[in-house]
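1. Here is my input; please provide its structure:
(2 chains)
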Amino acid sequence: MKEEQDYIRDIAEMRSMMERSTKFLSLSGLAGIMAGVYALAGAFIVYKVFDFNPDQADLSPRPVEVILTAFIVLVLAIGTAIILSYRNAYKRREKFWNPTARRVLINMGVPLVTGGLLIIILISKGLIGLAAPFTLVFYGLALYNAGKFTYEEMKSLGLIQIALGLISSYFVEYSLLFWAIGFGVVHIIYGIYIHYRHER
Amino acid sequence: MKLLAITNGFHKAFESKTRLSIMSILVVNDSLDFNALKDYLDVSDGKLASQIKALEKEEFIGVKKSFVGKKPNTKYFMTKKGKKAFDDHLKALEHLINSRK
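-> Next up, the predicted model:
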């Protein structure tokens, strides 16, 4: 015969199993903060060092360096997210690479790869000015899509990025600023929020 | 006495924590293979296999066999009977808690 507290434990167990098998909750708020910091640093370098100016026709005297910087920011952000989420999963005594994580990745992957390919095509056609706004739009779509399988907050984060992306594709001359707000400032704010809300 | 009456709604199959966990996972997922279940639960292959067998025997979960390339792939899903038993179990838990308020 089970005792009352056994049933309470059962309920907790059921809840945890339903949650962990549908939602990827190892996501790290710190990773969001770090991604924001990398993005701000990247935007600063691109603006100050490589004279990137979306206002002008030729944008920057060194377009290759600009693209390379963006790529390094991307790799650093993804790398940090993987390492910190892996650590979180370990702390929660879960496997990092579980079916839920795969679901999040696939749902983010489709819009991200589409966006990535489209941006490469745009750059090859000389439409480099639209690259920054489009990264925001497709990243936002990816987050919104993945929101079903992770923290609910990802949906509103996604919508904010989409809105910033759309606005900045209209005001292309300010696209670097919008990009820094979206990937930098908004990431940091959400990262802090997720960290305090879910990780302590 | 009252507790005894209420616990009648509980199914014996759910006395094991692993079996209860398997059911909880399958109630919110269409179907999952053995390895996916194992990723969520902290148990050995042998223990998981035997608990799955037990639930199969009760006809609470069903098995879908297919091939991924040349590898056989077995997926588990919750049957109607299993869903009902799980719901009843939840109801019984709810009763128990309400009666204690």
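2. And for the closest residue to B:L55 other than its chain neighbours, the neighbour number?
-> In this structure, B:L55 finds its nearest non-sequential neighbour in B:I61, 4.7 Å apart by Cβ to Cβ, 6 or more residues apart in numbering or on different chains. Heads up, the C-betas are built off the backbone N, CA and C, glycines and all. As a burial measure, B:I61 scores 22 neighbours (other Cβ atoms under 10 Å in any protein chain shown).
3. How much space separates B:I61 from chain A?
-> In this view, B:I61 and chain A are 14 Å apart by Cβ to the nearest Cβ, to the nearest Å.
4. ok so B:S66 is a strand residue?
-> Yes. Under DSSP: H, G, I helix; E, B strand; the rest coil, B:S66 falls within a strand.
5. Spell out the secondary structure type for the nearest residue to it once chain neighbours are set aside.
-> Among residues not flanking B:S66 along the chain, B:N73 sits closest, at 5.3 Å (Cβ to Cβ, 6+ apart). Counting by three-state DSSP, the backbone at B:N73 sits in strand.
6. Is B:N73 in contact with B:A36, as I believe?
-> No. B:N73 lies out of contact with B:A36 (Cβ atoms under 8 Å); the separation is 10.8 Å.
7. Contacts only, for the spatially most central residue of chain B.
-> Taking Cα atoms, centre = their mean, the centroid of chain B lies closest to B:M23, which sits 2.4 Å from it. Residues in contact with B:M23 (Cβ atoms under 8 Å, 6 or more residues apart in numbering or on different chains) are B:F14, B:L55, B:F60, B:I61, B:M78, B:G82, B:F86.
8. Quick one: residues in contact with the helix or strand where the second one lies.
-> The one in question is B:L55. Assessed by DSSP states H and E, B:L55 sits inside helix B:45-57. For helix B:45-57, the surrounding residues in contact (Cβ under 8 Å, 6+ apart) are B:13, B:16, B:18-19, B:22-23, B:34, B:37-38, B:41, B:43, B:61-63, B:76, B:82.
9. distance of the residue nearest to A:W179 when sequence neighbours are not counted from A:L112?
-> Excluding the flanking residues, the one nearest A:W179 by Cβ to Cβ, 6+ apart is A:A132, at 4.3 Å. Distance, A:A132 to A:L112, by Cβ to Cβ, to the nearest Å: 15 Å.
10. Compare neighbour counts for the two and give me the winner.
-> Set A:A132 next to A:L112 and count neighbours by other Cβ under 10 Å: A:A132 wins out with 28 against 19.
11. correct me, but the more buried one touches A:L176?
-> Yes. A:A132 lies in contact with A:L176 (Cβ under 8 Å); the separation is 6.1 Å.
12. Touching both of the two, which residues are there?
-> A:P54.
13. which helices and strands sit right next to the longest helix belonging to chain B?
-> The helix spanning the most residues in chain B, taking DSSP state H as the definition, is helix B:80-100. If you count contacts as 3 or more Cβ pairs under 8 Å, 6 or more residues apart in numbering or on different chains; DSSP states H and E, helix B:80-100 packs onto helix A:4-20, helix B:2-6, helix B:17-28.
14. Next one: A:R93 from chain B, what distance?
-> If you go by Cβ to the nearest Cβ, the gap between A:R93 and chain B works out to 7 Å.
15. Look at the closest residue to that residue other than its chain neighbours and say how many residues are nearby.
-> Excluding the flanking residues, the one nearest A:R93 by Cβ to Cβ, 6+ apart is B:D42, at 6.6 Å. B:D42 has 11 neighbours, counted by other Cβ under 10 Å.
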